[in-house]
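Engineer: Make a model of this:
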Amino acid sequence: MMGERKPVTVGELATQFLMQAGGGPEAQTEINRFVRWLGGGRQVDRLSSHEVAGYIDHMGTTTTDLLRKLEPVKLFLAYAKKEGYTATNLGVNLRPKKGAPKATLSLAKQATVEREYMTEEGYRGLVEELESLKAQRPRIAEALRLAMADKDFRENAPLDAARDHQAHVEARIRELEALLNRAEVTRAEEPEAARAALGSTVVLIDESGGEMQFTLVHPHEASPVQGKVSIASPTGKAVFGRVAGDQVSVTAPAGVLRYRIEAVEPGA
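Structural biologist: Numbers count the residues shown, from 1 in each chain. Below is the predicted model of the structure:
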């Protein structure tokens, strides 16, 4: 029963879930993003359905693969209910609003002409990933050929696995090709401007004197482990275009977080 459970924070439960369920880098990224937005120190049993539902708005309407990104978060929230930390499965609140599919398709169509700004490092990383995926095609084709040699298709697990892998790889190839076609590599502003831009390293000081340092990057390059923060995130939006000495505020479910920009260093 939930009442018999010792209170646990969102961050603690996320770590527990990832250790047990795994899920790969993408799932970890999405769950960690959700935890940062919600507040890792929040008690799980005090979360509300309204707060969780608000996460979709935080992700932005330009997310063309919204359902795929929400899936790991839904599994995490279902796990919280299963383990007795929440009274209900809060993941059911992560539903796109009515009319979202049409808007998503429209935005996806617009994306064919919109530019995607990213750092040179991020661009190179996407190119390398694309080349690596294309290099897998011959091996995937061979795996399919061998699996299809088994004429009994009714219970051919290797064939199903090979087809699923091929579909996943081809979908990612198409995604990367479309992204790179829209990509525009940008360089940070000149030192004299000292404004936070794509590629800039920013140092923030919170009200308690704590320091946070990160590099502003395109959403596809975001990596908390590497200290790379998306310009589309609440923190990224708050500091983008600002200079050292400015006061900024970041809104989170737990309240408004206030920082002073201690330094802005343009990227290489």
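Engineer: Show me what counts as buried in stretch 244-262.
Structural biologist: 248, 250, 253, 257, 259, 261 (16 or more other CB atoms under 10 Å). Bear in mind the C-beta positions are built from the backbone N, C-alpha and C, glycine included.
Engineer: Ignore what I typed, I meant stretch 222-239.
Structural biologist: 222-223, 228-236, 238-239.
Engineer: Ok, stretch 10-17 next?
Structural biologist: In stretch 10-17, the ones that count as buried by 16+ other CB under 10 Å are 10, 11, 12, 13, 14, 15, 17.
Engineer: what's the closest non-adjacent residue to the fifth one?
Structural biologist: Spelled out, it's residue 14. Of all residues not flanking residue 14 in the chain, residue 35 sits nearest, at 4.9 Å (CB to CB, 6 or more residues apart in numbering).
Engineer: what's the spacing between stretch 160-177 and its chain's center?
Structural biologist: Centre-to-centre, stretch 160-177 and its host chain are 20 Å apart (CA atoms, centre = their mean, to the nearest Å).
Engineer: low-scoring stretches of the stretch 101-250 of the chain, by residue?
Structural biologist: 101-115, 150-156, 186-193, 224-225 (pLDDT under 70).
Engineer: how about a cut-off of 90?
Structural biologist: For the stretch 101-250 of the chain, the stretches flagged by pLDDT under 90 are 101-126, 140-168, 171-172, 174-200, 206-212, 217-238, 241-242, 244-246, 249-250.
Engineer: All the helices of the stretch 51-200 of the chain, residue numbers only.
Structural biologist: 55-59, 66-82, 100-110, 120-135, 137-148, 157-182 (DSSP state H, counting those that start in this stretch).
Engineer: among those, which is nearest residue 46?
Structural biologist: With CB to CB as the criterion, residue 46 lies closest to helix 66-82 of these, at 11.9 Å.
Engineer: Now that closest one: buried residues?
Structural biologist: 66, 69-81.
Engineer: and if you look at stretch 87-97?
Structural biologist: 90, 91, 93, 94, 96.
Engineer: Output that stretch as CSV - backbone C-alpha positions only.
Structural biologist: This file holds the C-alpha atoms of stretch 87-97, laid out as CSV (Å, rounded to 0.1, in the frame of the first residue of the first chain):
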residue,chain,number,x,y,z
ALA,A,87,-2.4,6.5,-5.8
THR,A,88,-3.0,6.6,-9.5
ASN,A,89,-1.0,6.3,-12.7
LEU,A,90,-0.2,9.9,-13.4
GLY,A,91,1.1,9.0,-16.9
VAL,A,92,-2.5,8.9,-18.2
ASN,A,93,-2.4,12.7,-18.0
LEU,A,94,0.3,12.9,-20.6
ARG,A,95,-2.1,13.2,-23.6
PRO,A,96,-1.7,15.7,-26.4
LYS,A,97,-4.6,18.1,-26.4
